[in-house]
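Chemist: Sequence first, then the predicted structure:
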Amino acid sequence: MFVEASAPGKVILAGEHFVVHGGKALALAIRRYVRIRVSPTDFPLEIYHSESGKRDYVDSHGRWVSESRLKDLEPIEASVEAVFDYLGQRTNVRLDISSSIPMSAGLGSSASLAAAIVKGVSHYLGHELDRGELIEIASASERVVHGDPSGVDLSTVVSGGLVLFEGSFKRVVKNIRDVDLPLVVGDSSERRSTGVLVGNVGEISKKYGKIFSHLVQTSDMIVERELEAIINGELETLGGLFNVSQGLLYSIGVSTPKLERMVSRAIDLGALGAKLTGAGGGGCMIALTRAENSSAVVKALEDLGGESFFVQPDSVGVKSEAHF
Ligand code: PMV
């Protein structure tokens, strides 16, 4: 018997970073996936990485025999162990992992990996966990990667659809499915660490106290208004709010010259608005395009940065299936 599980990626439409400080965030699950297959093995834990062809396993003495960097295995092991601890049950598992979500790029690859593992391994052990349980367990490995994540990434990739996340309550407050927006993603190809960026913004929040609190409030208003604009189909307003959101993110030091160039180029070509998405410091940006200019925007972002693609929303979230 084996189990296949998958979890989507995500883009954040507003509120990144401010959500770590008690604010709100609006995020959309996208059809880029981490896929895993959970099957039996003679080792306590065995991992195959489809893209790199690397294989790692824990031997009978509990030691890693690995082709990958141990640092990259930590979140995987943390997710598996968190499931075993939560269920009070353990078994040997082999994980075959593949992903179409670029790593360290702001598209939620680490949250998707954690969610897919927790869903797949718990199903393999015969348990159907609810969303709250999946999020709670998967947070263990998110903490290894990020330090103190808000939970917006995990909530989005577990639930699917468009998610309004209320940071201070650590819960999803609205989940809207079947959202269709003319969004394009552009990858700056600059890799960075979410944990470092969250730490830098933490310093800024301490330094600017009250001013920073007002930025959080402004960000919350952008989140609320973006949601309303999406529900009412006000695309021009939504685009304008992407630009305001980008201004706020620039002001807290998480944009880069390359991201700024990509944002400006998309707007020059007629996009309704553009902003970085996720932790910034590199990684990806998103542009809200019009049908007539979207291909030109994709091409320009590819020339300036790296991979660029049209967003297709995912409305399902994490899922798994057993095969006998
Ligand atoms: O790790 P990323 O780039 O997908 O971004 C996470 C969003 C942040 O708000 C920067 C961090 C968080 O925990 O919410």
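Modeler: Yep, it's here. Residues are numbered from 1 along each chain as shown.
Chemist: Could you check the pLDDT of Gly195?
Modeler: Here, the pLDDT recorded for Gly195 equals 88.
Chemist: ok, now how distant is it from Pro149?
Modeler: Here Gly195 is placed at a distance of 9 Å from Pro149 (Cβ to Cβ, to the nearest Å). The way it works is simple: take the backbone N, C-alpha and C, and place the C-beta from them, glycine included.
Chemist: of the two, who's got more company?
Modeler: Pro149 (19 against 16; other Cβ atoms under 10 Å).
Chemist: Ser139 is in contact with that one, correct?
Modeler: Yes. Counting by Cβ atoms under 8 Å, Pro149 does reach Ser139; the two are 7.2 Å apart.
Chemist: any idea where the helices of the chain begin and end?
Modeler: 70-87, 109-124, 131-146, 152-159, 194-232, 235-251, 257-268, 294-304 (DSSP state H).
Chemist: do you know which of the ones you listed lies nearest the ligand?
Modeler: helix 194-232 (3.5 Å; Cβ to the nearest ligand atom).
Chemist: Just the buried residues of the closest one, please?
Modeler: In terms of neighbour count (16 or more other Cβ atoms under 10 Å), helix 194-232 has its buried residues at 194-195, 197-198, 200-202, 204-205, 212, 215-216, 218-220, 222-223, 225-227, 229-230.
Chemist: contacting residues for Tyr33?
Modeler: Ser6, Ala7, Pro8, Gly9, Ser99, Ser100, Ile101, Ser112, Asp314 (Cβ atoms under 8 Å, 6 or more residues apart in numbering).
Chemist: Would you mind measuring from the third one to Ala29?
Modeler: So the one you mean is Pro8. 4 Å.
Chemist: what is in contact with those two at once?
Modeler: In contact with both Pro8 and Ala29: Val157, Gly160, Asp314, Gly317, using Cβ under 8 Å, 6+ apart.
Chemist: What about those, which one has the most neighbours?
Modeler: Val157 (36 neighbours).
Chemist: and the stretch 201-324 of the chain, which of its residues are near the ligand?
Modeler: Contact residues, the stretch 201-324 of the chain versus the ligand (Cβ under 6 Å from any ligand atom): Gly278, Ala279, Gly283.
Chemist: Could you rerun that using 5 Å?
Modeler: Gly278, Ala279 (Cβ under 5 Å from any ligand atom).
Chemist: Need the distance between the two termini of stretch 55-66.
Modeler: 7 Å (Cα to Cα, to the nearest Å).
Chemist: now it: how far from the chain's centre is it?
Modeler: 29 Å (Cα atoms, centre = their mean, to the nearest Å).
Chemist: Can you name the residue of this protein that approaches the ligand most closely?
Modeler: Counting by Cβ to the nearest ligand atom, the chain gets nearest the ligand through Gly278, at 2.8 Å.
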